[in-house]
Structures are given as structure tokens and as C-alpha cells.
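Participant: below are the sequence and a predicted model for it; my questions follow.
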Amino acid sequence: MERQRLDKWLWHARVVKARTSAAALVEAGHVRINGVREMAPGHPVKIGDVLTIGLDRGVRLLKVTGFSERRGDAAAARPLYEDLQDERK
């Protein structure tokens, strides 16, 4: 798999609890891909894309490092992204 829908990736990476919440987050303009605001939940993301996600608790900066066919537990979601904020601390 080379690409995946943005809303599906956010859900599989456990950024949000439900796929509908992921779609709503994108449609509300709270997600940027490589610095460009994305409003379409179906927009494809690819490995290497940097996502800036505005959430209630703050902003997350994640680099896409993989994809998953199914949503798993937190341990299964961790290899899907690299948290770029960890590097700045």
C-alpha cells in the first residue's frame, strides 16, 4: 500500500476515536499536509508526509511512516507515525 485516505489513516493511527470524527476534523480545517490545509477526508497521504493536526488538547506534528489494513491497539498504531514533537523536546 503506497497511499491511504487521510481520515482512515488518522483513525488507524489512533489520533481520533472514530473515523467519522477524523472526517469531521479534516472538514473543519484542522489538518495540514506538508503545511497545506486539507479539507477533503478522502485526500490520500503517503509515507513521508508531515501532518499538522489541531486537537482540543493542542497541536500534534506527525510524520507518516506506514499504513495499516485494520485499526489495532495503541502498540499497533505506533509504527504508523513518527511524532516530530518528541524530537524538539
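Facilitator: Arrived safely. Note that the coordinates shown come from a computational prediction; the quantities given were computed from them, not determined experimentally. Numbers count the residues shown, from 1 in each chain.
Participant: from what I can see residue 8 touches residue 22, true?
Facilitator: Yes: the pair residue 8 and residue 22 passes the contact test of Cβ atoms under 8 Å, sitting 7.5 Å apart. For glycine as for every other residue, the C-beta is placed from the backbone atoms N, C-alpha and C.
Participant: those two: who's more crowded?
Facilitator: residue 22 (24 against 19; other Cβ atoms under 10 Å).
Participant: doesn't that one belong to a helix?
Facilitator: Yes: according to DSSP: H, G, I helix; E, B strand; the rest coil, the state of residue 22 is that of a helix.
Participant: these two touch, right, it and residue 12?
Facilitator: No: in this structure, residue 22 is not within contact of residue 12 by Cβ under 8 Å, at 9.3 Å.
Participant: tell me where the chain has helices.
Facilitator: 6-12, 19-27, 74-77, 84-88 (DSSP state H).
Participant: by mean pLDDT, show me the worst of these.
Facilitator: Per-stretch mean pLDDT for the helices of the chain is lowest at helix 84-88 (a mean of 74).
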